[in-house]
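Colleague: Coordinates for the following, if possible.
(chains A and B)
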Amino acid sequence: MAAPKQKEPFVRIVKRDSISLGKSVAIRIAAILLSLAFCAVLIYSITHSNPVQVYRSMMDGAIGTGRRTWNTLRDTMILLVTALAITPAFKMRFWNIGAEGQILVGGIATAAVMRYCGNSMPTLLLFALMILVSLAAGLIWGLIPAIFKARWNTNETLFTLMMNYIAIQLTSFFSIAWEAKKGSGNIGTINQKTQAGWISTSFLPDIFGNFNYSINVFIVLTLTVLMFIYLQYTKHGYEIAVVGQSENTARYAGINVKKVILRTMALSGAICGFAGFLLVSGSSHTISTSTAGGRGFTAIIVSWLAKFNPFVMILISFFLVFMGNGATQIASEFQLNESASEVITGIILFFILGSEFFTNYRLIFGKHRKEANE
Amino acid sequence: MSFLWAVFKGIFSVTFVQKAITQGIPLLFGATGEIVTEKSGNLNLGTPGIMYMGAIGGLAGAFLYETGTEAPNGLIGILCAILGSLLFSLAGALIYSVLTVTLRANQNVTGLALTTFGVGLGNFLGGSFSKITGTAGQITVYTTGQTFRTRIPFLSDHLGIVGDLLFSYGFLTYLAIVIALLASWFLTRTRIGLNLRAVGENAAAADAASINVTRYKYLATCIGGMISGLGGLYFVMEYLGGTWQNNGFGDRGWLAVALVIFALWKPARAIWGSILFGGLYILFAYVPLSQSMQEIFKMLPYVVTILVLVISSLRNKKENQPPAGLGLPYFREER
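Modeller: Prediction:
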């Protein structure tokens, strides 16, 4: 019997039931290679120099010297800890895009302790206090939108976003209130002479070299493992996953959704505050409105691309920081604006985001389907 | 009392209102574009990036024209600037639509990536464009900038205070208001506008009513993006007079996103909202406070936005809510 002739769509999209690990890795690597090739064309058209040479000088910029390698590692760790911080909230489908602000208030709290108690407290107590106040500050900043979300279902994406700018103005306020020279509007390096409250950069110099950020690396990698365990093997982690999948299911299973939202955002905010502590005490030793530097936003992308897996986040954070620092290097070599790094980061992200589609869906072109039906 | 008096005297002056409007117009463009986009259910957090792209696109268009001719004509400069601006912001909006609608990527993540990219692109080209094109110096378009700044002749200087308040701006200011009014009419009074809102409220129902959801989402996002981009163009042309300042546009893109909430997704409300936001943005300069306290004052627009967000969620009135499908993906097979 002749069926009425229907127009075959050129291509149809079918959701994959599952995808092998090898295939999903291959798709992502292909996306990254494509993005690098695209960037190479772009770089060539602007600088007219050999793209291979350009990528080599990017490598040089990111890991060319011991100092640069440590800087890249330091930036990777900050991005990683921020991504870890927002992951529990994210997994719960709570869009915390306020990491930027939570980092800043944590940083302000740390800077305050360094300024006022830095030279009058034993080191151990000083560090305990700095960590405690940074955790508390981030926690409060994260909890405010969570309370409104839990009670009145106030849109958390927009609320946390606005909290960023309040935190930025707060930072700006303290930058002037604590300014080093009158009228300069910046705090300058805190405790320059005594280095009180600075995380040591000469830890185990025999192994890591005279200048290193190994303590930062140890702390953040430990946190990575802890976060993996928390999300994967604890009751809290399970509750987060259920709430993220479906609030109604969670309620039906007897999970107190409000409590989970509040608890998870408190944790998320506190770890962001801790990232602020690492930034102020462990690398910049000062605080300004650019201290967080957009990491709160990039971290969201890191967490999402890693599918909430802390170990994958290590790779993605490293890759993004590597490319960013490398691009800054070529920009300065060719006397171009340093925002080149954001452009390249953006392009790579577009490619990876686009590739997600091919890991979730498969394309079937018109022809194949006909064969399958016969 | 003298404190309040000083503030009042500052605020009720012609220059304050003029400055508030000047600060408000980029936000109005941004917010109108974002409202049109959000009405299709797409929460485009890439708007700040798109506004940077619109800014640099316009500047690049006029720059290419002005460096290419001996005696540049301001009107052609304006055309080139608008064309460049629309092209760049369209490119940004297209990236967002392809990724979120066709490739089904997450909206928030894509939007944030687009903002990173767009702000970076603006600053990169703004700092390096003259080097790339092989001309020396800053990227500046004096003739076009001045033409953008041309006030309405006669009305602006023969009506005294009324002329100063209402007619002392370049044409983009009036364009912003006209576009906002048009958008308001379009969303509430036309069939296409109602269809668009249906897509944003409940895409599945719209699809069942044979509305082409994909086409609506694409068109709304692209047109919205181009409107937002004009806000960037306004900033570089009328505010800066045709030049680039590294990060000069600042966080105004996010303020435009905030204005969408404040306006409760109504473009007509965004008109006075933008002037209010513009006023709040510069209010600090009129308050006799120490420099550090002024920074606290600059929080005002954001605090007001949060208050509006909280109050509208408390009151829970149907017509004041975000589009129900905002930020949610729609794939026909996954209903």
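Colleague: near chain A, which residues of the stretch 101-250 of chain B show up?
Modeller: Counting by C-beta under 8 Å from any C-beta of the partner chain, the residues of the stretch 101-250 of chain B close to chain A are B:103-106, B:108-110, B:112-128, B:131-132, B:246. No exception for glycine: its C-beta is placed from N, CA and C like everyone else's.
Colleague: B:N108 reaches A:I300, doesn't it?
Modeller: Yes. Contact criterion C-beta atoms under 8 Å: B:N108 and A:I300 qualify, at 7.1 Å.
Colleague: These two - which one has more neighbours?
Modeller: A:I300 (25 against 22; other C-beta atoms under 10 Å in any protein chain shown).
Colleague: So the residue positioned nearest the centre of chain A: helix, strand or coil?
Modeller: Central residue of chain A (C-alpha atoms, centre = their mean): A:A299, 1.9 Å from the mean position. Three-state assignment for A:A299 (DSSP: H, G, I helix; E, B strand; the rest coil): helix.
Colleague: Now do the contacts for it.
Modeller: A:L79, A:T82, A:A83, A:A85, A:I86, A:A99 (C-beta atoms under 8 Å, 6 or more residues apart in numbering or on different chains).
Colleague: how about the second one, what does it touch?
Modeller: For A:T82, the contacting residues are A:A99, A:I103, A:C272, A:A275, A:R295, A:G296, A:T298, A:A299, by C-beta under 8 Å, 6+ apart.
Colleague: same thing with the first one?
Modeller: Residues counted as contacts of A:L79 (C-beta under 8 Å, 6+ apart) are A:R295, A:T298, A:A299, A:V302, A:S317, A:L320, A:V321.
Colleague: Quick one: classify it as helix, strand or coil.
Modeller: Secondary structure for A:L79, judged by three-state DSSP, is helix.
Colleague: any idea how far it is from B:T190?
Modeller: 46 Å (C-beta to C-beta, to the nearest Å).
Colleague: One more: the second one?
Modeller: If you measure A:T82 against B:T190 using C-beta to C-beta, the figure is 45 Å.
Colleague: buried set for stretch A:120-132?
Modeller: Within stretch A:120-132, the residues that count as buried by 16 or more other C-beta atoms under 10 Å in any protein chain shown are A:M121, A:L126, A:F127, A:L129, A:M130, A:I131.
Colleague: So which one of those residues is the model least confident about?
Modeller: Among those, A:M121 carries the lowest pLDDT, at 83.
Colleague: wait, is it part of a helix?
Modeller: No. Counting by three-state DSSP, A:M121 is not found in a helix; it is coil.
Colleague: show me the contacts for the spatially closest residue to it that is not a sequence neighbour.
Modeller: Leaving aside its sequence neighbours, A:M121 sits nearest to A:L129 (C-beta to C-beta, 6 or more residues apart in numbering or on different chains; 7.1 Å). If a contact means C-beta under 8 Å, 6+ apart, then A:L129 has A:V113, A:C117, A:M121 as its contacts.
Colleague: And A:L363, its phi and psi?
Modeller: Dihedral pair for A:L363: phi -100, psi 130, per degrees, to the nearest 10.
Colleague: can you redo the contacts of A:A299 as a markdown table with secondary structure and pLDDT?
Modeller: Below are those laid out as a markdown table (DSSP: H, G, I helix; E, B strand; the rest coil; pLDDT from 0 to 100):
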| residue | secondary structure | pLDDT |
| --- | --- | --- |
| A:L79 | helix | 94 |
| A:T82 | helix | 95 |
| A:A83 | helix | 95 |
| A:A85 | helix | 95 |
| A:I86 | helix | 93 |
| A:A99 | helix | 94 |
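Colleague: where's B:Y96, which helix or strand?
Modeller: Assigned by DSSP states H and E, B:Y96 belongs to helix B:74-97.
Colleague: which of the residues in that helix are buried?
Modeller: Neighbour-count burial for helix B:74-97 flags B:74, B:76-78, B:80-82, B:84-93, B:95-97 (criterion: 16+ other C-beta under 10 Å).
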